[in-house]
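Trainee: 3D, please:
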Amino acid sequence: MAFKTFKTRREPVKLEELGAQIARRETALGGVDVPRNPGTRRTPSKRALLKAIEDLGGKW
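Mentor: Numbers count the residues shown, from 1 in each chain. This next block holds a predicted model:
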């Protein structure tokens with residue numbers, strides 16, 4: 001428990017359940033197009049890292 005004085009009425013949501021909920025909502029909406037950050041303030045090392053991820057077929 002993170003807070004000893006905080007009392008909640010709900011059970012915690014497991015990460016797997018949250019992922020499933022998000023996937024169901026995205027499917028119901030027909031896909032969600034989240035605007036990307038333009039990346040105008042990225043450092044050269046960050047740009048290189050993101051390019052390497054993209055070159056390997058990953059979607060960051």
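Trainee: from here on, contacts and neighbour counts on C-alpha atoms
Mentor: Will do.
Trainee: how near is residue 59 to residue 13?
Mentor: For residue 59, the distance to residue 13 equals 26 Å [CA to CA, to the nearest Å].
Trainee: try residue 34
Mentor: In terms of CA to CA, residue 34 sits 24 Å off from residue 13.
Trainee: and if you look at residue 7?
Mentor: Separation of residue 7 from residue 13 (CA to CA): 15 Å.
Trainee: likewise residue 33?
Mentor: Relative to residue 13, residue 33 is positioned 25 Å away (CA to CA).
Trainee: Where is the longest helix in the protein?
Mentor: Scanning the chain for the longest helix, with DSSP state H as the assignment, gives helix 15-29.
Trainee: Which SSE is immediately downstream of that helix?
Mentor: helix 44-55 (DSSP states H and E).
Trainee: Could you check how far that following helix is from the centre of its chain?
Mentor: Taking CA atoms, centre = their mean, to the nearest Å, one finds the center of helix 44-55 at 18 Å from the center of the full chain.
Trainee: So which elements touch it?
Mentor: Applying 3 or more CA pairs under 8 Å, 6 or more residues apart in numbering; DSSP states H and E, one finds that helix 44-55 contacts no other helix or strand.
Trainee: for the record, mean pLDDT for that helix?
Mentor: Mean pLDDT, helix 44-55: 94.
Trainee: what's that helix in contact with?
Mentor: 59, 60 (CA atoms under 8 Å, 6 or more residues apart in numbering).
Trainee: residue ranges with poor pLDDT in the chain?
Mentor: Counting by pLDDT under 70, the chain contains low-confidence residues at 1-2.
Trainee: give me that answer again for 80
Mentor: Applying pLDDT under 80 to the chain flags residues 1-4, 7-8, 31, 59-60.
Trainee: show me what contacts residue 42?
Mentor: With CA under 8 Å, 6+ apart, residue 42 has no contacts at all.
Trainee: That's all I had, so thanks and see you.
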